[in-house]
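1. with the input below, show me the fold.
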Amino acid sequence: MIEKIKSIKNNLEIGSLTLDKKSSRVAMLRLIVFLAALVLFIVGFKNHLLVLVILAAALAVVFIALVRYHAIIDERILEYKSKISVLNRYLMRLTDKWKSFEDTGAEFLTDKDTLSRDLDLLGKNSLFQFISIAHTDAGRKKLADNLSLKNFSIDNISLRYDAIKELSEKTEFLVDFEALSERILSKKQKAVERSLMVEEDDSLDGSKSDSGKDSGKNIQSDKLLFWMYPLMILIPVLNILSVVSVLVYDANPIRIIATFVFGIVATWGTMTYHMVIAENLYNYGAGAKDLLSILSLLSQESFESELLKKIHERTTSRDGLLSSLKSLGTIATMNNIAYNPLAHLVLSGFVGWDYYIDFLMARWNKKNKGVIEECVDIVGDIEELGSLAVLSYVRKTNKPVIDRDTKNLSIKFSGLYHPLLNTETVISNDAEIQDKLTIITGSNMSGKTTYMRTIAINMVLAYIGSGVCAEQFKANYMKLFTSMRVMDDVAGGISTFYAEILRIKEMSEYISSGSSDQVPALCLIDEIFKGTNSADRIVGAREALSKLSGANAMVIVTTHDFELCDITTADGENAKNCHFEEYYENDELKFDYKLREGRCTTRNAMALLKMAGLVQNSQ
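-> I've put the predicted structure just below:
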């Protein structure tokens, strides 16, 4: 499959290069035609030669045709480059290069979302960054909310798994879908940038006053102001009359300039109104054809899973959904010519071009309320499910089993590994955790924290219907609590130690306040109470762990304090001891990252200090 992707990518790159050269030639020809038309127009008026004016008009038509043809070529180039970009990201996910992806989902990460921070669900080097194929705001938020378990429902696990599994088997569909989605984002960003430039230019010109800004707030997007209709007729009629008066009646050519300037002022002076009425056009008009292509792609695809069938039905059941996008795309095509500054200047001055765009958009807005929101929501659903499907494409995954039993708690897995680690170096583990309290000891850098994160992140994947990175995985449904990346708050006067106390207090309050049918808790604590001295740490840890593990919960904790290995739960059960260890090969410190039974019997702190040159070798 990798070789196939590379072959497709290579062919697309060759095609894109060919189209780039063609685009350059058409752009040059377009400039030549425009300049020729301009020269003929000026000479014709100066010498009263109607033939030259007509020829200039003909060349203007050719120029408009070339602009349209150039836009078509650019569309194909963008299509090629979007697919190349998608395929590149698939290849990058097979290595650590995915960490350079720009979209990390960091804006969705809040200070209170400790689970996402501890497990790298959102933010830099996160699961979101690794798998996301979402390019719409709706899709990105849906993915972030599900990864952080904000919208999680155990009742949907099976339905979601079937949908994600089916999408993971439709690689070509996913590539085409993401390429189209990315193009929508790219075009939206460009359109917004262009509209901002226009607003800025108008502001500098003084043609857009503060009162204009205020009045724009009261504009209805589905209705033109009453005085716009006569201007739609008045501007082109005045220009036609001025041209005829100069050519036929030998009037002063200054009339043409006067009516042309009037057209520009009348058109650009109402830019505030234009931006309100044409908001959907600038946000999604440029990508309307891509939205239409996405929904057409969805409507033409057959699905077996119940969830995807419902999304498919939403795409095809609403009357006029696809035709609405098609008409918006047509208006966007007409408006594209306005992105050429010279063409926009001419069309604004002679015909009041933006008024006609506003007229079409007002009618579209009135007829198609909620269409864009519905389309984007559909795209967002596929983006979110498709992102999780990507994991099954770049990692070996299997279906997890989540048990609703709230009494006999256990986590059993084989071949479990962390999805964010390079598959060429990652080490998998097997285990069956049934004890209420598991103490994990081990040397520094031996893999204790990564092991806990591996369990937790795969639990998250299982809960949201994704395949998990394991040969087998079975666990009870439990509410996840973590205390790993605990940070102080200098401004708030909270030390690292107290911040950790607050984390464990939250766990304790949940466990102690629960009813018989409450979801059990899984508490994962890394280096418990590491922010205080060893004497207080050991005493405090004994009390806290005994309390946490006494109710309907499972606790997994890592520690360097061997004194905690003989701890018992509130029920008098001995804690389960596991450990990681190091070994030496040719005087080099190495790790195998394999979990073993029992407590750790080795230490490596001095060896690490010596490797860093901070401790001298003993004689």
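
2. which element is encountered next along the chain beyond the helix ranked longest in the chain?
-> In the chain, assigned by DSSP state H, the helix with the most residues is helix 2-46. Going down the chain from helix 2-46, the next helix or strand is helix 50-92, by DSSP states H and E.

3. same for that next one, what does it pack against?
-> In terms of contacts (3 or more Cβ pairs under 8 Å, 6 or more residues apart in numbering; DSSP states H and E), helix 50-92 is packed against helix 2-46, helix 171-205, helix 321-336, helix 341-351, helix 371-394. No exception for glycine: its C-beta is placed from N, CA and C like everyone else's.

4. among those, which comes closest to Asp113?
-> Ranking those by their distance to Asp113 (criterion: Cβ to Cβ) puts helix 371-394 first, at 17.8 Å.

5. name the residues of that closest one that are buried.
-> Using 16 or more other Cβ atoms under 10 Å as the test for burial, helix 371-394 gives 371-372, 374-394.

6. following that helix, which helix or strand shows up next?
-> Next along the chain after helix 371-394, taking DSSP H and E as the criterion, comes strand 401-403.

7. could you verify my assumption that Tyr69 touches Ala27?
-> No - judged on Cβ atoms under 8 Å, Tyr69 makes no contact with Ala27 at a distance of 10.4 Å.

8. looking at Met606 now. What's its pLDDT?
-> As predicted, Met606 sits at a pLDDT of 52.

9. scratch that, Lys594
-> 92.

10. I'd like to know how far it sits from Thr104.
-> For Lys594, the distance to Thr104 (Cβ to Cβ, to the nearest Å) stands at 31 Å.

11. okay, these two: which has more neighbours?
-> The neighbour comparison of Lys594 against Thr104 (other Cβ atoms under 10 Å) goes to Thr104, with 18 against 14.

12. look up phi and psi at that one.
-> With angles defined as degrees, to the nearest 10, Thr104 sits at phi -110, psi -10.

13. residue ranges with poor pLDDT in the stretch 51-200 of the chain?
-> Scanning the stretch 51-200 of the chain for pLDDT under 70 picks out the ranges 186-200.

14. if you set the cut-off to 50 instead, what comes out?
-> 198-200 (pLDDT under 50).

15. tell me the pLDDT of Gly598.
-> Note for Gly598: predicted pLDDT of 90.

16. ok now do the spatially closest residue to it that is not a sequence neighbour, which residues does it touch?
-> By the measure of Cβ to Cβ, 6 or more residues apart in numbering, the closest residue to Gly598 outside its immediate chain neighbours is Asn577, 5.5 Å from it. With contact taken as Cβ atoms under 8 Å, 6 or more residues apart in numbering, Asn577 is in contact with 438-439, 441, 565, 597-599.

17. ok, now with 10 Å
-> Asn577 makes contacts with 435, 437-441, 562, 564-567, 596-600, as judged by Cβ atoms under 10 Å, 6 or more residues apart in numbering.

18. and if you look at Asp561?
-> 439, 441, 527-530, 534, 537-538, 541-542, 567.

19. listing partners with orientation, what would you give for the helix or strand where the residue nearest to Gly598 lies?
-> Taking DSSP H and E as the criterion, Asn577 maps to strand 576-580. Strand pairing for strand 576-580, determined by DSSP bridges: strand 437-442 (parallel), strand 596-597 (antiparallel).

20. pull it out as CSV, backbone CA atoms only.
-> Output of strand 576-580 as CSV, limited to C-alpha atoms (Å, rounded to 0.1, in the frame of the first residue of the first chain):
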residue,chain,number,x,y,z
LYS,A,576,-0.2,-6.0,43.3
ASN,A,577,3.5,-5.2,42.6
CYS,A,578,4.9,-4.9,39.1
HIS,A,579,8.1,-3.3,37.8
PHE,A,580,10.3,-2.3,34.9
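
21. give me the mean pLDDT for that strand.
-> Strand 576-580 comes out at a mean pLDDT of 92.

22. distance check, the closest residue to Asp103 other than its chain neighbours against Lys22.
-> Leaving aside its chain neighbours, Asp103 sits nearest to Ser132 (5.8 Å; criterion: Cβ to Cβ, 6+ apart). Remark: distance between Ser132 and Lys22 (Cβ to Cβ) = 33 Å.

23. who has more neighbours, the two?
-> Using other Cβ under 10 Å, the more surrounded residue of Ser132 and Lys22 is Ser132, with 27 against 15.

24. gap between the more buried one and Glu301?
-> Separation of Ser132 from Glu301 (Cβ to Cβ) stands at 21 Å.

25. Asp474 pairs with what?
-> In this structure residue 474 is Lys, not Asp. Beta-bridge pairing for Lys474 (DSSP bridges): Val401, Lys412.

26. now do the contacts for it.
-> 400-403, 410-414, 432, 462.

27. give me the buried subset of the residues you listed.
-> Going by neighbour count (16+ other Cβ under 10 Å), these have 400, 402, 411-413, 462 buried.

28. show me which of these is closest to Val346.
-> The closest of the buried ones among the contacts of Lys474, once distances to Val346 are taken by Cβ to Cβ, is Ala462, at 61.0 Å.

29. not counting sequence-adjacent ones, nearest residue to that closest one?
-> For Ala462, ignoring the flanking residues on the chain, the nearest one in space by Cβ to Cβ, 6+ apart is Pro400 at 3.8 Å.

30. does the one you found touch Ile455 like I think?
-> No - the pair Pro400 / Ile455 is not scored as a contact, 11.8 Å apart, by Cβ atoms under 10 Å.

31. sorry, back to before: now the element after the strand holding Asn577, going C-ward?
-> strand 582-585.

32. what packs against that next one?
-> Strand 582-585 sits against strand 588-591, helix 605-611, with contacts defined as 3 or more Cβ pairs under 10 Å, 6 or more residues apart in numbering; DSSP states H and E.

33. tell me the strands beside the shortest one, with direction?
-> Strand 588-591 has its sheet partners listed here by DSSP bridges as strand 582-585 (antiparallel).

34. for the partner strand, C-alpha coordinates in PDB please.
-> Provided in PDB are the C-alpha atoms of strand 582-585 (Å, rounded to 0.1, in the frame of the first residue of the first chain):
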ATOM      1  CA  GLU A 582      17.200  -1.900  33.100                       C
ATOM      2  CA  TYR A 583      20.200  -3.900  32.000                       C
ATOM      3  CA  TYR A 584      23.700  -3.200  31.000                       C
ATOM      4  CA  GLU A 585      25.300  -4.200  27.700                       C
END
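
35. buried residues in that strand?
-> Buried residues in strand 582-585, defined by neighbour count with 16+ other Cβ under 10 Å: Glu582.

36. what do you get for stretch 321-341?
-> Buried-residue list, stretch 321-341, by 16+ other Cβ under 10 Å: 321-322, 324-325, 327-329, 331-340.

37. kindly report the same for stretch 261-275.
-> Neighbour counts using 16+ other Cβ under 10 Å place 262-264, 266-275 of stretch 261-275 among the buried residues.

38. again, but for stretch 7-27
-> For stretch 7-27, the neighbour count (16+ other Cβ under 10 Å) marks 9, 12, 15-16, 19, 23, 26 as buried.

39. where does pLDDT dip in this protein?
-> Using pLDDT under 50, the chain drops low at 198-216, 619.

40. go again with 70.
-> Applying pLDDT under 70 to the chain flags the ranges 1-5, 186-222, 285-287, 318-320, 338, 488-493, 515-516, 587, 602-619.

41. who are the packing partners of the helix or strand hosting Ile504?
-> Taking DSSP H and E as the definition, Ile504 sits inside helix 496-512. Contact here means 3+ Cβ pairs under 10 Å, 6+ apart; on that basis helix 496-512 packs against helix 114-119, strand 479-483, strand 521-525, helix 534-548, strand 553-558.

42. would you list these in TSV and tack on mean neighbour count?
-> As requested, these are exported to TSV (neighbours: other Cβ atoms under 10 Å):
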stretch	mean neighbour count
helix 114-119	22
strand 479-483	21
strand 521-525	25
helix 534-548	18
strand 553-558	25
